[in-house]
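*Asks:* make a model of this:
(one chain, ligands or ions: 1)
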Amino acid sequence: MAATPEQQINSLRDELRHHEHLYYVLDSPSISDAEYDAMMNRLKALEADHPALITPDSPTQRVGGKPREGFAKVAHSRPMLSLDNAYNEDELRAWDKRVCDALPASDPPSYVCELKLDGLSLALHYSAAAHGAAQLERGLTRGDGTIGEDVTTNVRTIRSVPLSIPATKLKAAHLPASFEVRGEVILPQTAFVKMNEDRVAQGLAPAVNPRNAAAGTIRTLEPNIVAQRRLDFYAYFLLRDGEPLLPLHSETLKALATIGLRVNTHWRTANTIDEVLDFIANAEPLRDTLGYEIDGVVIKVDSAAQQRRLGFTGKAPRWAIAYKFPARAATTRLDDVLFQVGRTGKVTPVAALAPIFVGGTTVSRATLHNADEIERLGVRIGDLVEVERGGDVIPKITRVVEEPNATTARHKITFPADCPRCKTPLVREEGEVDFRCINASCPARLEEELRHFASRSVMNIEGLGEVMVSQLLGHTIAEHEAEASMGQNGDAPTEAPTRKALVHSLADIYHLKKEDLLHLERIGEKTADSLLEQIENSKKQPLNRVLLGLGIRHVGERTAQALAEEFGSMDALIAASVEDLTRINDVGPKVAEAIREFFDNRKNLDLVERLRKAGLTFTAEKRVRGTRLEGLTFVLTGTLPTLTREEAKEKIEAAGGRVSGSVSKKTDYVVAGEEAGSKLDKANALGVKVLDEAALLELLG
Ligand code: IVH
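*Replies:* Model prediction:
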């Protein structure tokens, strides 16, 4: 008899889950990507024909959620603590002694050694579902340790996290169908590199290390973006009601693997501290081979009963410790210092190093941050320096190891007085560490501005990538490539171009002619037409993106959005005073002044006028606000019973109120929820009225 659609759907799902487990958890696929895709497409088609049969645990439902406003706060079953650290053998032996001393001599501890993955911890809650299966119900970040953020929609996109675990697997591991798994979310190095390439191409600053990148990703409001990033999850705890489910930690790791979660394979039990040290010695060289960052080894007492006996100090368990690896460093020679000019004109000194292998990659550039840092290090060209690479992308110079002998040349590093590209004298504002090129038409700045303007999150002119921008400014592709291979972070070439520039201002891109483009290298009819069409289309981008594209200091995505909504037009914004500007939430005095300064500059106004003439969008829909709470300032603190902080803020603002971050005499109301902290104390001290959620809702009507 032919299988019913339901049977077909179920068997496809089982098969897909099996292959996902082989691919994402065990790293050993047994079918090709194309076969997997074909199977997924069959399932999608069947589900489209029978929408009533779609269930949340279907492999098609990983990326379902819509963009979110914020994350709900949820209390953990038991606090997610951190670990105490040991930095050397002595500290580790001292910990072992404390553990042994706290246990009866007849009951010595056995340890489990694991890698310390450099990610962030996550709690997954599974609960009993149909047919004895366990279903992923919720994923929580660590948050403050007591209360986490509900990031379930994002967690569902992580392929190594099963959406459901079948009864057969639970049975094989002798587990119930509801439990909590804790472990670490990480971003593998390849995904990290790709993410940063994308960010740089979009004109955004690269994430400094995979951990920050993973943390940012798991808290991204768009599940689609999370799905593209390829986060990974390694499990290490199995709890029920906050207590270990199994009597031994080593059994926990085995059971987690049995039910299909990803468990890092590099773990072992150790009966003595010498065996632990042995594991550590073997683990350190693994660092450069794993494809993800680790920053040490975690050692845990194996027995849950002994763990209970040992208990916790304030913030960490006594039954576990993190042995931290030293930062990876190497010694090399400082050959030269380059000065790169960024979008805002900031000049960054970059060390050109004799190439050296450190932390898994060859490093030939390191940041020197600013003039003060050069001074602090006392470094000169020709010195042997120590280069350190944490999890960070951009290595740094930590000290001078040795000055070369007298026969070798040693040059003092002189910070240039003039911009390396346009020769305008550099300026260091009072109280600032950075030198800036203040020439708004500096070609090096223009290059960065153009990249930013064209990037995906701004005007989204896809054909106007790095190479094209470089060409429009008169560089040959060879020049561009030579410079790109030198620069760490894709900063603008500082050398003068050989050809005449086609673009001297952002507005010039709206006057580009096809004939001009056809003279450039590797540009045919099709590419030229498509670029011109994209440039034309960009005129439809909304006002907030135009504002973002102008590159006003301190004006990021959020502020640009707020400005567009509040003022409704470019003209209203140009006319706004610092006071008008600071009236807007999120716009502090520093931002307001930067905006004013921008529009007070003749050159910038000319640019804006040219963009207006080109036909860019200069108006936006103004936010209509209620007036009920007009003129009133609120501060939110603690966890409210039903509203998230973001929701409460929106409601207040929609009613015309203002939400501020800190309590002062000017605050009209403090809205306090559970675990309200110092803000509540301050409100009481200042005699500011305090509302609970119910009172706020009443006030809102
Ligand atoms: S166990 C009571 N095991 O390290 C907390 N943590 O520095 C026990 N980490 O917050 C955590 N790899 O995010 C444990 N194999 C591992 C780990 C690990 C990485 C992280 C975790 C924790 C932090 C503490």
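*Asks:* quick check: bridge partners of the closest residue to residue 126 other than its chain neighbours?
*Replies:* Using C-beta to C-beta, 6 or more residues apart in numbering and skipping residues adjacent in sequence, the residue nearest residue 126 is residue 134, 4.1 Å away. Any C-beta I mention is one placed from the backbone N, CA and C, and that applies to glycine too. Beta-bridge partners of residue 134, counted by DSSP bridges, are residue 128, residue 165.
*Asks:* and if you look at residue 363?
*Replies:* Beta bridges link residue 363 to residue 356, judged by DSSP bridges.
*Asks:* any idea which helix or strand comes after the helix or strand bottoming out on mean pLDDT in the chain?
*Replies:* Lowest mean confidence among the helices and strands of the chain (mean pLDDT, DSSP states H and E): helix 477-486, at a mean of 68. Later in the chain than helix 477-486, the nearest helix or strand by DSSP states H and E is helix 514-518.
*Asks:* other SSEs contacting that following helix?
*Replies:* On a contact count with 3 or more C-beta pairs under 8 Å, 6 or more residues apart in numbering; DSSP states H and E, helix 514-518 meets helix 525-538.
*Asks:* ok, and what's touching the helix it packs on?
*Replies:* Residues outside helix 525-538 that contact it (C-beta atoms under 8 Å, 6 or more residues apart in numbering) are 459-464, 468, 509-510, 512, 514, 517-518, 616.
*Asks:* and stretch 155-163, by the same measure?
*Replies:* By C-beta under 8 Å, 6+ apart, stretch 155-163 touches 17, 20-21, 23-25, 56-59, 61-65, 122, 124, 135-136, 139, 185, 218, 223, 226-227, 230-234, 259-262.
*Asks:* so how far is the first residue of it from its last?
*Replies:* 9 Å (C-alpha to C-alpha, to the nearest Å).
*Asks:* and that stretch, what's its mean pLDDT?
*Replies:* Model confidence over stretch 155-163, given as mean pLDDT, is 94.
*Asks:* can you map out the helices along the stretch 151-300 of the chain?
*Replies:* With DSSP state H, counting those that start in this stretch, the ranges of helices along the stretch 151-300 of the chain come out as 152-155, 167-172, 189-201, 210-218, 223-229, 249-258, 273-283.
*Asks:* now the fourth one - C-alpha only, CSV.
*Replies:* Once side chains and other backbone atoms are set aside, the C-alpha atoms of helix 210-218 remain, and they are given as CSV (Å, rounded to 0.1, in the frame of the first residue of the first chain):
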residue,chain,number,x,y,z
PRO,A,210,35.0,34.7,17.8
ARG,A,211,33.6,34.8,21.2
ASN,A,212,32.3,38.4,20.8
ALA,A,213,31.1,37.4,17.4
ALA,A,214,29.2,34.4,18.8
ALA,A,215,27.7,36.5,21.6
GLY,A,216,26.6,39.2,19.2
THR,A,217,25.1,36.6,16.8
ILE,A,218,23.1,34.7,19.4
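*Asks:* how far off centre is that helix?
*Replies:* Centroid displacement of helix 210-218 relative to its chain, using C-alpha atoms, centre = their mean, to the nearest Å, is 4 Å.
*Asks:* buried residues, it. List them.
*Replies:* 210-211, 213-215, 217-218 (16 or more other C-beta atoms under 10 Å).
*Asks:* now the two most distant members of these.
*Replies:* Spatially, the most separated pair among the buried residues of helix 210-218 is 210 and 218, at 12.3 Å (C-beta to C-beta).
*Asks:* follow-up on the earlier one: ChimeraX command to pick out the buried ones of the contacts of stretch 155-163?
*Replies:* A single ChimeraX command selects the buried members of the contacts of stretch 155-163 (16+ other C-beta under 10 Å):
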select :17,20,21,23,24,25,57,58,59,62,63,65,122,124,135,136,139,185,218,223,226,227,230,231,232,233,234,259,260,261,262
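*Asks:* for residue 682, give me its contacts.
*Replies:* Applying C-beta under 8 Å, 6+ apart, the residues near residue 682 are 663, 688.
*Asks:* please repeat the previous calculation with a cut-off of 10 Å.
*Replies:* 635, 637, 662-664, 667, 670, 688 (C-beta atoms under 10 Å, 6 or more residues apart in numbering).
*Asks:* do residue 102 as well
*Replies:* 109, 306, 309-311, 318-319.
*Asks:* how close does it sit to the ligand?
*Replies:* Separation of residue 102 from the ligand (C-beta to the nearest ligand atom, to the nearest Å): 17 Å.
*Asks:* pLDDT score for residue 236?
*Replies:* Note for residue 236: predicted pLDDT of 98.
*Asks:* for residue 301, same thing?
*Replies:* pLDDT, residue 301: 98.
*Asks:* now for the contacts of residue 102: which two are most distant?
*Replies:* Farthest-apart pair in those is 109 and 311; separation 13.9 Å (C-beta to C-beta).
*Asks:* who's more crowded, the two?
*Replies:* Just comparing residue 109 and residue 311: by other C-beta atoms under 10 Å the higher neighbour count belongs to residue 109, 22 against 10.
*Asks:* surely the more buried one touches residue 307?
*Replies:* Yes: taking C-beta atoms under 10 Å as the definition, residue 109 is a contact partner of residue 307 at 9.4 Å.
*Asks:* tell me which parts of this structure are close to the ligand?
*Replies:* Residues of the chain found near the ligand, taking C-beta under 6 Å from any ligand atom as the criterion, are 81-83, 114, 116-117, 120-121, 184, 236, 298, 317, 320, 322.
*Asks:* please convert the buried members of these into ChimeraX selection syntax.
*Replies:* Per 16+ other C-beta under 10 Å, the buried members of the residues of the chain next to the ligand correspond to this ChimeraX selection:
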select :81,83,114,116,117,120,121,184,236,298,317,320,322
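*Asks:* which of the residues of the chain next to the ligand fall in strands?
*Replies:* Among those, the ones falling in strands (DSSP state E) are 114, 116-117, 120-121, 184, 236, 298, 320, 322.
*Asks:* counting neighbours, which of the contacts of residue 102 comes out on top?
*Replies:* Most crowded among these, counting by other C-beta under 10 Å, is residue 319 at 24 neighbours.
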